[in-house]
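>>> Turn this into a structure:
(2 chains)
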Amino acid sequence: MTRYESKGNKDTRSGFGDGLTELGRTNKDVVALCADLTGSLKMDTFAKENPDRFFQVGIAEANMMGMAAGLTIGGKIPFTGTFANFSTGRVYDQVRQSIAYSGKNVKIAASHAGLTLGEDGATHQILEDIGLMKMLPGMTVICPADYTQTKQATIASAAWEGPVYLRFGRPAWPVFIPEDMPFEIGKAQLLSEGKDVSIIACGHMVWLALQACETLEKEGISAEVINLHTIKPLDAEALLKSIRKTGCVVTAEEHNIWGGLGETVSGLLARELPVPQEFVAVNDTFGESGTPMQLLEKYGLSTESIVSAARKAIERKG
Amino acid sequence: MNPYSISQEKLPELCRQVRRDIVRMVHAVNSGHPGGSLGCAEFFTALYGSIMKHDPSSFNMDGIGEDIFILSNGHISPVWYSILARTGYFPVSELATFRKLDSRLQGHPATAEHLEGVRVASGSLGQGLSVALGAALAKKLNGDDRRVFTLHGDGELQEGQIWEAALAAPNLKADNLICTVDWNGRQIDGDTEKVMPLGDLKAKFEAFGWLVFVIEKGNDLAEVTAGLQRAVEASGKGRPVMNLMRTEMGAGVDFMMGTHKWHGVAPNDEQLQSALAQLQETSFGDY
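Purely as a prediction, here's the structure:
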């Protein structure tokens, strides 16, 4: 397998903040809005360097989404910043009508997604957002794997025409994506080649998938690891190429089992290539308070869960 | 005032033609919202005929250098579609496609079909003020000194998002934003005073930091035009402007006035004839 070294831990939200800072310096059309979470979203530098292009909207997410839609009229490229929960469920109708149906070029930057938000508990730990967003026609859904990739994805989103949902998280997490690895929206990344099982993951779970791949290698199982950072549009070609070779799939995501990456892959398999699939995801429940690692462990989103899912998927191939 | 449009003397006649269009459009598909549409005929005639600087012949989404309009209460699409067609945004004949399959004139306004004049979808209420605020801020960033106009229903003010935007607009100094509320006092379930009273609207918006004017006769073309002109002159001075415009739902058609019942009901054949008899034919001609 291809090995990836962690260069230390850094939060993906800082990748967003640094990407936005760079955009502020290079693209005068980029503007940003934040609903009282500037520090949490790491938008301070952009706000400081571009006071005229940064809008503090207060705790009023619905208004923020509408304002972002309006800012596109006149050619601006707005990034909205708040937690994933308040970027999706709280403002679904605003995103649906004023942004998605209206075809507005808004980039919805959503931090603190999933269980790894941690101690704040289930009110803030949205596990349904990928599903909510991918169901909107024309919406692009991206969930990058680490700090480096979140920065790349932020910059790529500005150049991408149309609404984007960019999902990232709170905790410090291994930084392992090589800086020279090209990032393209809608193009899955084959991180490690294998022949027995395809492990398809997004976000924080990609690092755990690579750890699982190492464990499986010691057992003599050759796993292929794919970073599906873009859930929509789906890179069907890359996935099918891998699955044709391996004949079974494990999907891993920090999301409810319903509606997320796993079901997206299932749909593809049902239509094109029915093979066994095992799901590593939250099993249709809300989260709770705890540290990120405790929560991942308790809700079955660990390296061990991916390893056992891989064994099971291979077994089911018969 | 507007170099692109119809001569000012003909605007009263245009306003009557808009009313004929509205009742004919909703009758043809036995659906749509005639009441609020009729009540806003003077507003749209004044706005598109006299007040806004706009170029219907070369519509583009960004509208740089032009005044732009955002309709927040999208259900009164018939009156908007009529004025857009009658001022040259798209062929008048297209009004015949309203609410039909494959039409660009959706039940509620949308951008997906690229209808000239429409810059955001509306229908789900309460969202237009936020969008207009964003558009107004974009104009400021672009160094564009033109304005953003809106229209809202009074019932729509029951939506919480309106008040989020109402709080933000003065704080963000959007003094190029000129809003108008269609203050007809009626909504689907009855009188606004009974469904959920709005209280002292003028005091509410003033407390939020708006410059507020009342247009008492919203179905008097001269008064609406003067009211909008007053708002234009008051803009650009640090505060967004709000017009509270008293109108009569169903104005111009006697049996549709004095009730909320024609909010979303189309006239039958007989009622259409009765309505058209009250709205004398014009030199613009029916579509």
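>>> Quick one: residues contacting A:G8.
Residues near A:G8 by Cβ atoms under 8 Å, 6 or more residues apart in numbering or on different chains: A:174-175. Placement of C-beta: from N, CA and C, glycine included.
>>> Can you report phi and psi for it?
For A:G8, the backbone dihedrals (degrees, to the nearest 10) come out as phi 110, psi 170.
>>> Same question for A:S14.
The phi/psi pair for A:S14 (degrees, to the nearest 10) is phi -70, psi -30.
>>> Now do the same for it: its pLDDT.
Note on A:S14: pLDDT of 98.
>>> Hmm, A:T148 and it touching each other?
No: assessed by Cβ atoms under 8 Å, A:S14 is found out of contact with A:T148, at 10.4 Å.
>>> More neighbours: these two, which one.
Between A:S14 and A:T148, A:T148 has the larger neighbour count (other Cβ atoms under 10 Å in any protein chain shown), namely 22 against 17.
>>> the strands in the stretch 101-250 of chain A, which residues?
Here the stretch 101-250 of chain A has its strands, by DSSP state E, counting those that start in this stretch, at A:107-111, A:140-142, A:164-167, A:172-174, A:189-192, A:197-201, A:223-227, A:230-232, A:249-256.
>>> what helix or strand is the nearest residue to A:G75 once chain neighbours are set aside on?
Excluding the flanking residues, the one nearest A:G75 by Cβ to Cβ, 6 or more residues apart in numbering or on different chains is B:D62, at 5.2 Å. B:D62 belongs to no helix or strand when assigned by DSSP states H and E.
>>> B:D62 and A:I73 touch, don't they?
Yes: with contact defined as Cβ under 8 Å, B:D62 reaches A:I73; the gap is 6.3 Å.
>>> Which one of the two is surrounded by more residues?
Using other Cβ under 10 Å as the criterion, B:D62 and A:I73 rank with A:I73 on top: 25 against 18.
>>> give the contact list for the more buried one.
So, once contact is read as Cβ under 8 Å, 6+ apart, A:I73 ends up touching B:61-63, B:68, B:119-120, B:131, B:134-135, B:138.
>>> hang on, the earlier thing: for chain B, which of the strands of the stretch 101-250 of chain A is the nearest?
Closest approach to chain B among the strands of the stretch 101-250 of chain A (Cβ to the nearest Cβ): strand A:107-111, 13.8 Å.
>>> Could you confirm whether that closest one reaches chain B?
No: Strand A:107-111 lies apart from chain B when judged by Cβ under 8 Å from any Cβ of the partner chain; the minimum separation is 13.8 Å.
>>> so what does that strand touch, helix or strand wise?
helix A:12-26, strand A:77-83, helix A:84-87, helix A:147-159, strand A:164-167 (3 or more Cβ pairs under 8 Å, 6 or more residues apart in numbering or on different chains; DSSP states H and E).
>>> Please list all residues in contact with the closest residue to A:K298 other than its chain neighbours.
Leaving aside its chain neighbours, A:K298 sits nearest to A:G290 (6.9 Å; criterion: Cβ to Cβ, 6+ apart). The contact partners of A:G290, by Cβ under 8 Å, 6+ apart, come to A:118-119, A:298.
>>> Distance of A:G290 relative to chain B?
Using Cβ to the nearest Cβ, to the nearest Å, we find A:G290 at a distance of 33 Å from chain B.
>>> Kindly list the main-chain dihedrals of that residue?
With angles defined as degrees, to the nearest 10, A:G290 sits at phi 160, psi 170.
>>> want to try CSV for the strands of the stretch 101-250 of chain A, with mean neighbour count and mean pLDDT as columns?
CSV is the format used below for these (neighbours: other Cβ atoms under 10 Å in any protein chain shown; pLDDT from 0 to 100):
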stretch, mean neighbour count, mean pLDDT
strand A:107-111, 28, 98
strand A:140-142, 27, 98
strand A:164-167, 28, 98
strand A:172-174, 20, 98
strand A:189-192, 19, 98
strand A:197-201, 30, 98
strand A:223-227, 27, 98
strand A:230-232, 23, 98
strand A:249-256, 29, 98
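>>> Please identify which of those is closest to B:F208.
Across those, B:F208 has its closest neighbour in strand A:107-111 (27.0 Å, Cβ to Cβ).
>>> Now do the nearest residue to A:C34 once chain neighbours are set aside against A:A201, distance only.
Leaving out its chain neighbours, the residue that sits closest to A:C34 by Cβ to Cβ, 6+ apart is A:G81, at 4.2 Å. Using Cβ to Cβ, to the nearest Å, we find A:G81 at a distance of 25 Å from A:A201.
>>> And the helices in the chain, which stretches?
Since you didn't name a chain, this refers to chain A. A:12-26, A:44-49, A:61-72, A:84-87, A:92-94, A:129-134, A:147-159, A:205-218, A:236-246, A:261-272, A:292-298, A:303-316 (DSSP state H).
>>> sorry, should have said chain B
Counting by DSSP H, the helices of chain B are B:11-29, B:34-39, B:41-46, B:77-86, B:128-141, B:160-171, B:192-195, B:201-208, B:221-234, B:269-278.
>>> In JSON lines: the ones you listed, plus distance to A:F54, mean pLDDT and mean neighbour count.
Listed next are the helices of chain B as JSON lines, based on distance: least, Cβ to Cβ, whole Å; pLDDT from 0 to 100; neighbours: other Cβ atoms under 10 Å in any protein chain shown:
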{"stretch": "helix B:11-29", "distance to A:F54": "42", "mean pLDDT": "98", "mean neighbour count": "23"}
{"stretch": "helix B:34-39", "distance to A:F54": "38", "mean pLDDT": "98", "mean neighbour count": "29"}
{"stretch": "helix B:41-46", "distance to A:F54": "35", "mean pLDDT": "98", "mean neighbour count": "28"}
{"stretch": "helix B:77-86", "distance to A:F54": "34", "mean pLDDT": "98", "mean neighbour count": "27"}
{"stretch": "helix B:128-141", "distance to A:F54": "11", "mean pLDDT": "98", "mean neighbour count": "29"}
{"stretch": "helix B:160-171", "distance to A:F54": "14", "mean pLDDT": "98", "mean neighbour count": "22"}
{"stretch": "helix B:192-195", "distance to A:F54": "38", "mean pLDDT": "97", "mean neighbour count": "14"}
{"stretch": "helix B:201-208", "distance to A:F54": "22", "mean pLDDT": "98", "mean neighbour count": "15"}
{"stretch": "helix B:221-234", "distance to A:F54": "28", "mean pLDDT": "98", "mean neighbour count": "18"}
{"stretch": "helix B:269-278", "distance to A:F54": "52", "mean pLDDT": "98", "mean neighbour count": "14"}
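>>> Could you pull up the contacting residues of residue 27?
You didn't say which chain, so I picked chain A. Contacts of A:N27 (Cβ under 8 Å, 6+ apart): A:77, A:158.
>>> Actually, chain B is the one I wanted.
Per Cβ under 8 Å, 6+ apart, neighbours of B:H27: B:266-269, B:271-272.
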